[in-house]
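J.: quick one, what's the 3D model for this:
(one chain, ligands or ions: 1)
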Amino acid sequence: MAAFAPLYTLHVWAAFIWVGGMFFAWLVLRPAAVTALDAPARLKLWREVFRRFFIWVWVSVLILPISGIGMIQISFSGFETAPRYVQVMMGLYVVMVALFLRITALQLPTFNTAVQVEDWASAGTQLAQIRRLVGINLIIGFLLVAVAAARPPL
Ligand code: HEM
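T.: Residues are numbered from 1 along each chain as shown. Got it, this is the predicted structure:
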């Protein structure tokens, strides 16, 4: 089906922007920032990183279900007949979005305010919580991509 390939491409791009971005933040940028910067500079850097990266996460959050549902209609002619691994994918997507919303709605505003007023101790505490939630989402994202790639006959 001609429409499948572009939807599939968008879907995988969105997945790697979100999961790859979290991987880079957690395993590359975080240790580099801890080594190279003192607390105020590091916390200001993270505020700018989140501001930019979360725009791309929002784009992924929208593209994944739109392209995914499009592919379900084309390949499996509906939700009921879609394989179980696709339903697992949707379930894990909901968990990932819930964690992301928790970060953007609760942790991030407090973190940004703390950086703004230069309350570095509070900003550090918020950053640790954001890091923990992003770490959980990173693990779920990796599991999800493994399920998607293996297409297990659940
Ligand atoms: C509402 C959310 C989602 C829906 C409806 C959905 C649906 C789908 C469908 C229908 C396919 C094609 C399966 C096939 O051709 O056998 C697919 C593939 C894929 N999905 Fe999702 N998906 C969703 C969320 C996600 C998320 C959150 C990620 C990762 C962060 C993800 C990663 C992938 C990957 C990597 C593939 C390609 C797997 C492969 O064919 O080897 N999806 N998805």
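
J.: so who does residue 114 touch?
T.: Contact analysis of residue 114 by C-beta atoms under 8 Å, 6 or more residues apart in numbering lists 43, 120, 122, 123, 126. Glycine gets a C-beta too; all of them are placed from N, C-alpha and C.

J.: in strands, which of those fall?
T.: Among these, no residue falls in strands (DSSP state E).

J.: who wins for neighbours among those?
T.: residue 123 (25 neighbours; other C-beta atoms under 10 Å).

J.: from the ligand, how far off is it?
T.: Look at residue 123 and the ligand: by C-beta to the nearest ligand atom, to the nearest Å, they are 29 Å apart.

J.: closest to the ligand among the contacts of residue 114?
T.: residue 126 (24.9 Å; C-beta to the nearest ligand atom).

J.: ok, the closest residue in space to that closest one that isn't next to it in sequence - how many residues close by?
T.: Computed as C-beta to C-beta, 6 or more residues apart in numbering, the closest residue to residue 126 that is not its neighbour in sequence is residue 111, at 3.8 Å. For residue 111, the neighbour count with other C-beta under 10 Å is 23.
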